[in-house]
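Trainee: curious how this folds, go ahead:
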Amino acid sequence: MRFLTCSFLSLQLLSGMSAVKQMHSDATGINYQAARIAVLALRSTADSTPVPRNYILFPSRVSQTAEEVARVLASREKPMRCRSRKDENTITIACRLLTDSSSLAWMDRASSEAVRMWGSDIKKRCPGPFENVRLLLRWQKDTLVVPVRAFVAWLRDYDIDSVIGSASRRPPAGVCMVLNVGGSATIRIKRAPPSPSRS
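Mentor: As a prediction, the model looks like this:
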């Protein structure tokens with residue numbers, strides 16, 4: 001009986017650990033996908049042509065790929081404010097954690113409104129469970145397919161001077177909606193007053 005009890009408890013523990021591991025892996029994946037959106041948006045604000053292949057994430061001076069920068073951003077504490085600039089064929093990205101109360105309050109209001117606005121639009125266009133929706137984000141020739149949860153995480157976690165709008169083109173198979181990054185300046189990511197300390 002003791003052996004059976006211990007075996008049952010061990011099974012429960014292993015099952016619990018597996019569930020926790022799955023939850024952690026899923027959260028890490030969403031954070032990474034949100035960071036990929038951030039890198040795409042920052043590329044668009046740098047107005048880079050031709051598309052650069054190298055990135056520098058300040059204060060580091062080491063050249064990295066978009067995927068490597070996204071992994072670093074995904075691991076950092078949030079919310080954060082990020083800006084970018086182009087230096088020849090390299091994009092330099094600088095991000096800082098938002099800690100002051102005014103910036104945090106603004107970010108909360110702005111992201112909540114953006115999530116509400118885009119969430120309403122996505123639900124109208126995309127039938128089925130909201131969490132299963134996949135979006136295609138595009139800027140010039142660069143495209144990125146992400147789950148809607150990553151898009152929501154990006155709106156919540158990143159303050160970037162970028163614009164986004166829904167595209168009229170028909171989405172490809174497996175994607176519900178196409179969004180243009182770096183589109184018309186009349187379509188803002190966050191409809192809210194300018195954030196404080198936007199440096």
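Trainee: I'd like the next helix or strand past the strand or helix carrying Val39.
Mentor: Using DSSP states H and E, the element containing Val39 is helix 2-45. Sequence-wise, the next helix or strand downstream of helix 2-45 (DSSP H and E) is strand 54-57.
Trainee: chain center to that next one: distance?
Mentor: Strand 54-57 sits 18 Å away from the centroid of its parent chain (C-alpha atoms, centre = their mean, to the nearest Å).
Trainee: mind listing what's buried in that strand?
Mentor: Residues of strand 54-57 classed as buried by neighbour count (16 or more other C-beta atoms under 10 Å): Asn54, Tyr55, Ile56, Leu57. Any C-beta I mention is one placed from the backbone N, CA and C, and that applies to glycine too.
Trainee: what is the nearest of the residues you listed to Gly182?
Mentor: If you rank the buried residues of strand 54-57 by distance to Gly182 using C-beta to C-beta, Tyr55 comes first, at 16.7 Å.
Trainee: if I pick that closest one, what's in contact with it?
Mentor: Val39, Ser63, Gln64, Thr65, Ala66, Glu68, Val69, Thr90, Ile91, Thr92, Ile93 (C-beta atoms under 8 Å, 6 or more residues apart in numbering).
Trainee: residue contacts, the residue nearest the centre of the chain?
Mentor: With distances taken as C-alpha atoms, centre = their mean, Ala34 lies nearest the centre of the chain, 2.0 Å away. Listed by C-beta under 8 Å, 6+ apart, the contact set of Ala34 reads Ala74, Val146, Ala150, Phe151, Ala153, Trp154, Asp157, Tyr158.
Trainee: buried subset of the contacts of Tyr55?
Mentor: Looks like the contacts of Tyr55 have Val39, Gln64, Ala66, Val69, Thr90, Ile91, Thr92, Ile93 buried, using 16+ other C-beta under 10 Å.
Trainee: now intersect these with the strands, please.
Mentor: Among the buried ones among the contacts of Tyr55, the residues falling in strands (DSSP state E) are Thr90, Ile91, Thr92, Ile93.
Trainee: could you check the pLDDT of the residue lying closest to Asp47 once chain neighbours are set aside?
Mentor: In space, and not counting its chain neighbours, Asp47 is closest to Lys86: 6.7 Å by C-beta to C-beta, 6 or more residues apart in numbering. On pLDDT, Lys86 comes in at 88.
Trainee: just to be sure, Lys86 is in a helix?
Mentor: No. Applying DSSP: H, G, I helix; E, B strand; the rest coil, one finds Lys86 to be strand, outside a helix.
Trainee: what's across from it in the sheet?
Mentor: Ile91 (DSSP bridges).
Trainee: what about it, distance to Ser75?
Mentor: For Lys86, the distance to Ser75 equals 25 Å [C-beta to C-beta, to the nearest Å].
Trainee: now swap in Asp87 and tell me
Mentor: Taking C-beta to C-beta, one finds Asp87 at 25 Å from Ser75.
Trainee: same deal with Asn31?
Mentor: The value you get for Asn31 to Ser75, if C-beta to C-beta is used, is 8 Å.
Trainee: those two: which has the busier surroundings?
Mentor: A count of neighbours by other C-beta atoms under 10 Å puts Asn31 above the other of Asn31 and Ser75, at 21 against 11.
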